[in-house]
Structure formats: C-alpha cells, structure tokens
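Undergrad: Got a predicted structure here, sequence first:
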Amino acid sequence: MSLARLRWGRGLIPLASLYLLLLLGLPLAALLRAGLQLPPQRLWQLLSSELATNALQLSLGAASLAALINTGFGLLLAWILVRYRFPGRGFADALIDLPFAMPGVVAAIALLRLYGPGGRIGQLWDPEAPFGQWLAGIGIAELNLTGSRFGVVLAMVYATLPFVVRAVQPVLEGIEAEVEESAATLGASPAQTFRKVLLPQLVPSLATGFSLALARGLGEYGLVTIITGNIPFETLTSTVYVYQRFEEFDFDGATAVSLVLLAGSLGLLVLINGLALWYRRSRAL
C-alpha cells in the first residue's frame, strides 16, 4: 500500500467515525440516558401496564410469525431463483427488493385496495357476496383481514420478504452443483440430498435471515399504522403505541417501550453477528 493511500485512509477513518457517532451513537446514548433517569419502579410500572404489555406481545408474536413464514417461502423463492431459468427471472429477482424501495404507506394503500373491505379480493367476503353469506351462515358475521391481527402479520410479512431471500441466495449460488450430483450418485434421493447435504450449509443463512426479518418486523410502523386501524388490545403494535404516547406528551411511556425495542434490536444484532462469525469459522475448518 502506497504512503499516499495510507494517509488518505487514515483521514477517512475519523470522518466515518464521526458520521456513525452523530447518526447512531449519540441518539442511542440519549435514549439510554433518558431510560436510566427513570426510577426502576416507574419504569416497571410503565412497562407492566396492560396496554403496553399487550402491544409488545402483539409485536413480538406477529413479527415472529411473519419471520417464520418468510423463512419458509424465502428459502423457496431463493431456491427457484438460483436453481431454475425461466422467462422473467430477472424481473422476479428485482421484484423481491420492492419492499425496500416502496414507501410503507404506499404499500399499505395497495394492500388495502386489494385485501381490505371492498377491495379486489376483500369484496369476495363482503356480507352481500355469496362467500360472505356463507360465512354468515357458519357464524362469521363480518370478515376483515386488514383491520385484525391477520393484517398486522400481513404487513410484517410484506415488509420482511427480502431478508431471507437475500441471505440465502448467495449461499445457494456458492454451493457447487457437483455436490448434489455426488449425493445422487451415492443413491441419495432429492429429499435426502436437501436434508443432509444442503440444509446444514443453509442453516446459518436461514437463521440470519430470520433474525433480520424479526428485527424488521418489530420495528415496522408505516404499514401497520394504515392497515390495522390501531385498535387497543387488538391491533395496536408497540411502535404505534410509542408514537401515541409521544403524541400525548407521555415521554416516559414512550421511552420505556422504546428501551425494550432497542434491547431487542441490539440482542438480534449480536445474534446475527455471532451467527456470521460461527459460519465463517465453520467454513474455515
């Protein structure tokens, strides 16, 4: 490495460190400081309130279910994109990243227009529709997929779709086809090849994708705000709860739940980096 390049690199390191400090370090430190200023009894009182507890439980449960769903379907999508060639494959591959590019509120409106009451699909179970009348006959007077906990999961599934696909896809691309051919030569069925040869190599990336999807689901705000109606004890998630506390100038309540979400995010970050380190070490052996 030349001396000029070394000096240039040394000059960039403080600039990058300052950028990270201003953008990430100081805001997190401010939140932690605000949390530490709360007396432990007050903090516990805020977190143990029925509404806050219900919002946290809903967020964790819905985000976990959405991450599980996308772990299965993300693996399927990654497998198809890597293993098969078909017309429109490039477009399908690019479409996976749409939740990254599209604003959450725009996606929420699109989902509502499709699955909400009177939507293209939602109108199929309107009370006046034949399917809606059949549902009424079995005791389901009104079906609203968006203004329910199903809508919370639907919003999080949409928001977390790319994570597992993008975590698994490069690993699948790096597995040589000769590995599967060798297993087939030794008499292994396709299911046995996947379970005993491919899956062990995919577990770290699947776990990473699941953790990223879970973290993203816990932090989802825009989609769930519009889709679910934010009904207390029914569809009110923790992120919306924090915003409502902030709007009502209950900064202590907003800070308390934000600390729980921060702790969860940092825990998942440690888990993701631990999985990456474990995977690199296992590949090096």
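TA: Done, it's in.
Undergrad: ok, and the residue nearest to the spatial centre of the chain, which helix or strand is that part of?
TA: Geometric centre of the chain, nearest residue: A213, 2.8 Å, by Cα atoms, centre = their mean. In the assignment (DSSP states H and E), A213 maps to helix 199-218.
Undergrad: What lies in contact with that helix?
TA: Applying Cβ atoms under 8 Å, 6 or more residues apart in numbering, the contact partners of helix 199-218 are 59-60, 62-64, 66-68, 70-71, 74-75, 156, 159-160, 163-168, 170-172, 175, 238-239, 261, 264-265, 268-269, 271-272, 275-276, 278-279, 282. Any C-beta I mention is one placed from the backbone N, CA and C, and that applies to glycine too.
Undergrad: Now the particular helix or strand that has L32 in it: average pLDDT?
TA: Per DSSP H and E, L32 falls inside helix 26-36. Helix 26-36 comes out with an average pLDDT of 85.
Undergrad: For it, which outside residues touch it?
TA: Around helix 26-36, the neighbours that count as contacts under Cβ under 8 Å, 6+ apart are L43, F251, T255, A256, S258, L259, L262.
Undergrad: between these, which has the most around it?
TA: Most neighbours among the contacts of helix 26-36, by other Cβ atoms under 10 Å: A256, with 24 neighbours.
Undergrad: how much space between that residue and E176?
TA: In this view, A256 and E176 are 51 Å apart by Cβ to Cβ, to the nearest Å.
Undergrad: which residues of the stretch 151-285 of the chain score low on pLDDT?
TA: The stretch 151-285 of the chain contains residues with pLDDT under 70 at 180-181, 279, 282-285.
Undergrad: one more time with 80, if that's ok
TA: 175-197, 275-285 (pLDDT under 80).
Undergrad: hey, where'd the helices end up in it?
TA: Ranges of helices in the stretch 151-285 of the chain, per DSSP state H, counting those that start in this stretch, are 177-185, 190-193, 199-218, 222-228, 238-247, 251-284.
Undergrad: Would you check which pair of the contacts of helix 26-36 lies furthest apart?
TA: Spatially, the most separated pair among those is F251 and L262, at 15.3 Å (Cβ to Cβ).
Undergrad: what separates G104 from G229, distance-wise?
TA: The gap separating G104 from G229 is 16 Å, by Cβ to Cβ.
Undergrad: which of these two has more neighbours?
TA: With neighbours defined as other Cβ under 10 Å, G104 and G229 compare such that G104 has more, 19 against 15.
Undergrad: List the contacts of the more buried one.
TA: By Cβ under 8 Å, 6+ apart, the residues touching G104 are A159, E220, Y221, G222, L223.
Undergrad: Against I226, how distant is the residue nearest to the fourth one when sequence neighbours are not counted?
TA: What that stands for is G222. Excluding the flanking residues, the one nearest G222 by Cβ to Cβ, 6 or more residues apart in numbering is G104, at 2.8 Å. Note on G104: its distance to I226, by Cβ to Cβ, is 8 Å.
Undergrad: Buried ones in the helix holding L32, by neighbour count?
TA: Buried residues in helix 26-36, counting neighbours by 16 or more other Cβ atoms under 10 Å, are found at A34, G35.
Undergrad: picking that back up, which of the contacts of helix 26-36 sits closest to A188?
TA: Checking the contacts of helix 26-36 against A188 by Cβ to Cβ gives L262 as the nearest, at 46.1 Å.
Undergrad: Next up, the contacts around that closest one.
TA: The neighbours of L262, taking Cβ under 8 Å, 6+ apart as the test, are L28, L31, L32.
Undergrad: measure the first one to F210 for me?
TA: Which is L28. Taken as Cβ to Cβ, the span from L28 to F210 is 24 Å.
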